[in-house]
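Visitor: Test case, fold it:
(one chain, ligands or ions: 1)
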Amino acid sequence: MTIKPEDAVRYEVRDGVAVLTIDFPPVNALGAPMREGMMARLDQALADPAAEAIVVVGANDKFIAGADIREFGKPKVGPELFTIQEKMEQSPKPIVAAIDGHALGGGLEFALAAPFRVAASRAKVGLVEVNLGLLPGGGGTQRLTRLVGPEVALDMILNARHVPAPKAKELGIVDAVTDGDVTEAAIAFARQKAKEGGPWPVAIERTDKVQNVDPKIFEDIRTKNAGKWKGTVAPFQIVNCVEAATKLAPREGLAFEREAFKICNDAPSRPAQIHLFFAERQAAKVDGTEGIKPKAIRSVGIIGAGTMGGGIAMSIVNAGLSVKLLDTTQEALDAGMARVTKNYQTSVSRGSTTQEKVDAALARIETVLDYSAFSDVDMVIEAVFENLEVKHQVFRKLDKVCKPGAILASNTSALNIDRIAEAVSRPGDVIGLHFFSPANVMKLIEVVRGDLASKETIVTAMNFAKTIGKVPVLAGSCVGFIGNRILHRYGAEGDLMQLEGATPWQIDNALKDFGFPMGIYLMRDMAGLDVGWLVRKNRMKDGTIDPNAADYNPLMDRLCEKGRYGQKTGAGLYKYDGRNAAPDAEVEAMLIQISAEKGITRRAISDEEIVWRVLAAMVNEGAKIVEEGYAQRASDIDVTYAFGYGFPKYRGGPMFWAEQQGLDKVYAKIKEYEVQYPQRWKPANLLKDRAEAGKGWKD
Ligand code: NAD
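Guide: Presented below is the predicted three-dimensional model:
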């Protein structure tokens, strides 16, 4: 449906104030009809003798959500935002932006050009373009910096912060905050200003906050984040723009920002970032559940106050909900709470939170020893030992005490959800909520659906994950779910490359160069090699692993036999000095020995080959997971990997990477590998079909 400009911005005069109401569904974005309507209505208001002031407000309790994503990548039509902003800055009548809902990105940039801003107390403002690999190119870096100073501006823009209205008032971003009707408050404010008389403040001309700024703050922030921002363009350009606001005249600063915006827009990382932005939103949607409403989750019980239980409790109370944390003994509860408190203290000492917030969060965790405490909770998350019998005991108790309809979730990383659900009389309420460690930090949650889970349970779990600020991806209950199943596959490829001539550190370094924060083997050393060893020994006993197979690499078994369990024992695949890992000639000698035993002539393996084999293994397994229905779509694999496994976000995820290479090229490589190892490299049918049809994953 096309909306006419005169409908996109409505006009009325109330109490001598022209009220311009943006009514441009769904989110009042800065689309062409809205911009055109705004220009016309501003002219109308300026010419209207009945109006002594102007208020711009959004319909349906929303301000302007931001740029119109429907216009991305298309040529711009209609007036530019800049022209509207100039008109507002030169207005002889005072203009007040009345902000409710979210004024993000272009929405806030628009409002910053009005002389005044009045916000509803529940409103939030922010410049969030960095999430899309961009910078606020509508004057945001220049006006905000001049209003609040470079340090606050950098923090807000680089972290895409959503600043609540009261805080925005404190910072000087808005002039007044109201608990009442924002339009009424803005009209009263505008009348008052008209009475007082001009000139009206112009943010872009403010100089007090940008004088005598120490240029070192910009250098420091660049140096400090060089690693974190590797491969991205926008954060660096944002720093440049904020710095420019402290050095250049207003119009020069705006011109500088425009150029910097173009650089971001043309950056190779940008399509990947846009892809992930939409992929994340898509991942939260569950096909076939239209019209099914999530249940409200207000209180949560957690069982197991260990590493995961404590971290899960932190995530939930940080979002303002309350938690009852249960363990078998008071000692276990005390130890769990001590760990939680210590984690919070670290955040306070780092300055990432305040003692006040921590105290409030801790007050929302109640420790309990008796299951009867769970009789009224809306959801329980079990995080006890990874053992089916123990989980069954727990779920049997839950079945007895929990109210009907309570969601019964397990944080299992490997057990089959339907097997866990066997212990209860209401398997439809059982679901996996696979948090990642550390659970209070990691964004990803795999919501694992067994065959028995009801749609309402699935939708509720997905919604709950979002409520606590996580990124949910729906996974089927296959071995390893999505993430670990893929990790297992490419880990095995790394192990094979070690037999052929690579070392653990060469593989890790190649992956680090690709953009992973950490390679496979450093990660294994951190997690500890002993758990996997135990699993493999059992599997050798039951015959599911053949240690004599040509492609079986016994390096880690042999390391464990020597007591080298990883970082915690000072040696594993690497040797350690404290936390510092170093390559170990002894490990290389062991590998040479193993290759000789297997009759493999070691060869030089290039970093390019390492990256290709690891990535192709990820993609092939990812395609199989989609094909088998354990993931809803290829982009869910990307979200899983970007938010849970350190895949560089600026590369968009493994499946996106494959599309960028060309699925035909990836398929051809896999066919090449298949010649030597037909078992491990059987191409996914989905990949084969798409590649042969010359298509991407979606089309
Ligand atoms: P952990 O050993 O640190 O903690 C387990 C806690 O559960 C302990 O405090 C223990 O006292 C308690 N517990 C054991 N049996 C209990 C029972 N019957 N009733 C009440 N409490 C009981 O283990 P963890 O690392 O936190 O792992 C917990 C679960 O989370 C496991 O299923 C694991 O597979 C899964 N998980 C772990 C990680 C990880 O990285 N550690 C990541 C994802 C998922």
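
Visitor: Please make it C-alpha for all contacts and neighbour counts, starting now.
Guide: Will do.

Visitor: In terms of helices and strands, where is the closest residue to P115 other than its chain neighbours?
Guide: Spatial nearest neighbour of P115, excluding adjacent residues (CA to CA, 6 or more residues apart in numbering): P201 at 5.2 Å. Following DSSP states H and E, one finds P201 outside all helices and strands.

Visitor: Could you report the distance from P201 to N416?
Guide: 63 Å (CA to CA, to the nearest Å).

Visitor: Quick one: neighbours of the residue nearest to P115, just the number.
Guide: When neighbours are counted by other CA atoms under 10 Å, P201 registers 14.

Visitor: per-residue pLDDT, it?
Guide: P201 carries a pLDDT value of 97.

Visitor: same deal with D418?
Guide: pLDDT, D418: 95.

Visitor: same check, this time on P5
Guide: P5 is assigned 88 on the pLDDT scale.

Visitor: next one: the lowest-mean-pLDDT helix or strand in the chain to chain centre, how far?
Guide: The helix or strand of the chain with the poorest confidence is helix 5-8; it has a mean of 90 (mean pLDDT, DSSP states H and E). Per CA atoms, centre = their mean, to the nearest Å, the displacement of helix 5-8 from the mean C-alpha position of its chain is 35 Å.

Visitor: And for stretch 171-185?
Guide: With CA atoms, centre = their mean as the basis, stretch 171-185 stands 30 Å off its chain's centre.

Visitor: list the buried ones in it?
Guide: For stretch 171-185, the neighbour count (16 or more other CA atoms under 10 Å) marks I173, V174, D175, A176, V177, T178, V182, T183, A185 as buried.

Visitor: Tell me if I'm right that the last one and R191 touch.
Guide: If I follow you right, that is A185. No: with contact defined as CA atoms under 8 Å, A185 does not reach R191; the gap is 10.0 Å.

Visitor: Leaving out chain neighbours, which residue sits closest to V587?
Guide: L573 (6.7 Å).

Visitor: tell me the pLDDT at that neighbour?
Guide: Listed pLDDT for L573 reads 98.

Visitor: How about the one 4 residues further on?
Guide: What the model reports as pLDDT for D577 is 96.

Visitor: G66 too?
Guide: We note a pLDDT of 84 for G66 in this prediction.

Visitor: Phi, psi for it please.
Guide: Taking degrees, to the nearest 10, you get phi 140, psi -160 for the backbone angles of G66.

Visitor: got a list of what it touches?
Guide: N28, A29, L30, A103, L104, G105, G106, G107, L108 (CA atoms under 8 Å, 6 or more residues apart in numbering).

Visitor: Just the CA atoms of the least confident helix or strand of the chain, as CSV, please.
Guide: This file holds the C-alpha atoms of helix 5-8, laid out as CSV (Å, rounded to 0.1, in the frame of the first residue of the first chain):
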residue,chain,number,x,y,z
PRO,A,5,2.7,12.4,1.7
GLU,A,6,-0.2,14.4,3.1
ASP,A,7,-1.4,11.3,5.0
ALA,A,8,2.1,10.3,6.1
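
Visitor: for it, packing partners?
Guide: When contacts are defined as 3 or more CA pairs under 8 Å, 6 or more residues apart in numbering; DSSP states H and E, helix 5-8 packs onto helix 32-47.

Visitor: gap between the next helix or strand after the helix it packs on and the chain center?
Guide: Using DSSP H and E, the helix or strand that follows helix 32-47 towards the C-terminus is strand 53-58. The chain centroid and the centroid of strand 53-58 are separated by 34 Å under CA atoms, centre = their mean.

Visitor: Counting by contacts, list what the next helix or strand after strand 53-58 packs against.
Guide: Using DSSP H and E, the helix or strand that follows strand 53-58 in sequence is helix 81-89. Packing contacts for helix 81-89, counted by 3+ CA pairs under 8 Å, 6+ apart, involve helix 32-47.

Visitor: got the CA positions of the helix it packs on in CSV?
Guide: Only the C-alpha atoms of helix 32-47 are listed here, as CSV (Å, rounded to 0.1, in the frame of the first residue of the first chain):
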residue,chain,number,x,y,z
ALA,A,32,10.2,9.1,1.0
PRO,A,33,6.4,9.9,1.4
MET,A,34,7.1,10.8,5.1
ARG,A,35,10.0,13.1,4.1
GLU,A,36,7.9,14.8,1.4
GLY,A,37,5.0,15.2,3.8
MET,A,38,7.2,16.6,6.5
MET,A,39,8.6,19.3,4.1
ALA,A,40,5.2,20.3,3.0
ARG,A,41,3.8,20.4,6.5
LEU,A,42,6.7,22.4,7.9
ASP,A,43,6.2,25.0,5.1
GLN,A,44,2.5,25.0,6.0
ALA,A,45,3.2,25.5,9.7
LEU,A,46,5.7,28.2,9.1
ALA,A,47,3.3,30.1,6.9
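
Visitor: and the angle from that helix to helix 81-89?
Guide: If you take axes from the mean of the first three to the mean of the last three CA atoms, to 10 degrees, helix 32-47 sits at 20 degrees to helix 81-89.

Visitor: Could you check helix 32-47 and say which residues are buried?
Guide: By neighbour count on 16+ other CA under 10 Å, the buried set for helix 32-47 is 32-42, 45-46.

Visitor: What's the local residue count around T457?
Guide: For T457, the neighbour count with other CA under 10 Å is 24.

Visitor: Just confirm it contacts D429, I think it does.
Guide: Yes: counting by CA under 8 Å, T457 sits close enough to D429 to count as a contact (5.7 Å).

Visitor: okay, and the common contacts of these two?
Guide: Contact criterion CA under 8 Å, 6+ apart; residues shared by T457 and D429: I407.

Visitor: what's the neighbour count on the residue of the stretch 451-600 of the chain found nearest the ligand?
Guide: Closest residue of the stretch 451-600 of the chain to the ligand, CA to the nearest ligand atom: A527 (7.7 Å). A527 has 15 neighbours, counted by other CA under 10 Å.

Visitor: What are the boundaries of the strands in the stretch 251-400 of the chain?
Guide: 299-303, 322-326, 365-368, 379-382 (DSSP state E, counting those that start in this stretch).

Visitor: Name the stretch from those strands that approaches E52 most closely.
Guide: E52 sits nearest to strand 322-326 of all the strands of the stretch 251-400 of the chain, at 50.0 Å, using CA to CA.

Visitor: returning to that earlier point: who touches the residue of the stretch 451-600 of the chain closest to the ligand in this structure?
Guide: G566.

Visitor: again, only using 10 Å
Guide: With contact taken as CA atoms under 10 Å, 6 or more residues apart in numbering, A527 is in contact with Y521, Y565, G566, Q567, K568.

Visitor: Hmm, I670 is touching V614, no?
Guide: No: the criterion here is CA atoms under 10 Å, and I670 misses it with V614 at 11.1 Å.

Visitor: Those two: which is more packed in?
Guide: Taking other CA under 10 Å, I670 and V614 do not tie; I670 has more neighbours (25 against 22).

Visitor: For that one, pull up the helix or strand it's in.
Guide: For I670, the host element (DSSP H and E) is helix 663-676.

Visitor: helices and strands around the very next helix or strand once past that helix, which ones?
Guide: Next helix or strand after helix 663-676 toward the C-terminus (DSSP H and E): helix 685-692. Applying 3 or more CA pairs under 10 Å, 6 or more residues apart in numbering; DSSP states H and E, one finds that helix 685-692 contacts helix 607-627, helix 663-676.

Visitor: What pLDDT does the model give the closest residue to V380 other than its chain neighbours?
Guide: Using CA to CA, 6+ apart and skipping residues adjacent in sequence, the residue nearest V380 is G301, 4.4 Å away. We note a pLDDT of 98 for G301 in this prediction.
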